[in-house]
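[1] Just to be clear, the model below is a prediction. Sequence and coordinates:
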Amino acid sequence: LRALPPDVGIARALSLTHGAAFAGFASDFLAGRAPGGEGAGDGAGGGGGERAVSPDRLKGRMKRKYLDHLGALGFTGVHRFLTTFVGSLAERERRKRARSGRDG
């Protein structure tokens, strides 16, 4: 990490949305180009021309959908780790499981 430019912090370099390894996944998700037609779908098209696609747009509910998208792509370890150890995500997973238990 010593080769990082001085304006890029470690947190940003390791980010699931801004880091070099995941920025393409985040951009595809936001642009609606995710495999299987998943994604936010608000990046391109819609008659208004192409919108800027930036990982900075992944906030709140959209960030949680992106995390689920990463899990569906096979990043299950990252997904499982975050939904286990991040309190708000862990609570969301518990509610989701409780709902699916009632439905099934």
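    Looks like it arrived, so ask away.
[2] how much space between the spatially most central residue of the chain and residue 98?
    Closest to where the C-alpha atoms of the chain average out (Cα atoms, centre = their mean) is residue 66, at 2.6 Å. Per Cβ to Cβ, to the nearest Å, residue 66 is found 23 Å from residue 98. For glycine as for every other residue, the C-beta is placed from the backbone atoms N, C-alpha and C.
[3] And residue 30, by the same measure?
    Distance of residue 30 to residue 98, computed by Cβ to Cβ: 30 Å.
[4] These two: which is more packed in?
    Neighbours per residue, other Cβ atoms under 10 Å: of residue 30 and residue 98, the larger number sits with residue 30, 26 against 10.
[5] wouldn't the more buried one be in contact with residue 63 here?
    No - if you go by Cβ atoms under 8 Å, residue 30 and residue 63 don't touch, sitting 10.9 Å apart.
[6] Would you mark the buried spots in the helix or strand where residue 91 lies?
    In this assignment (DSSP states H and E), residue 91 forms part of helix 87-103. For helix 87-103, the neighbour count (16 or more other Cβ atoms under 10 Å) marks 89, 93 as buried.
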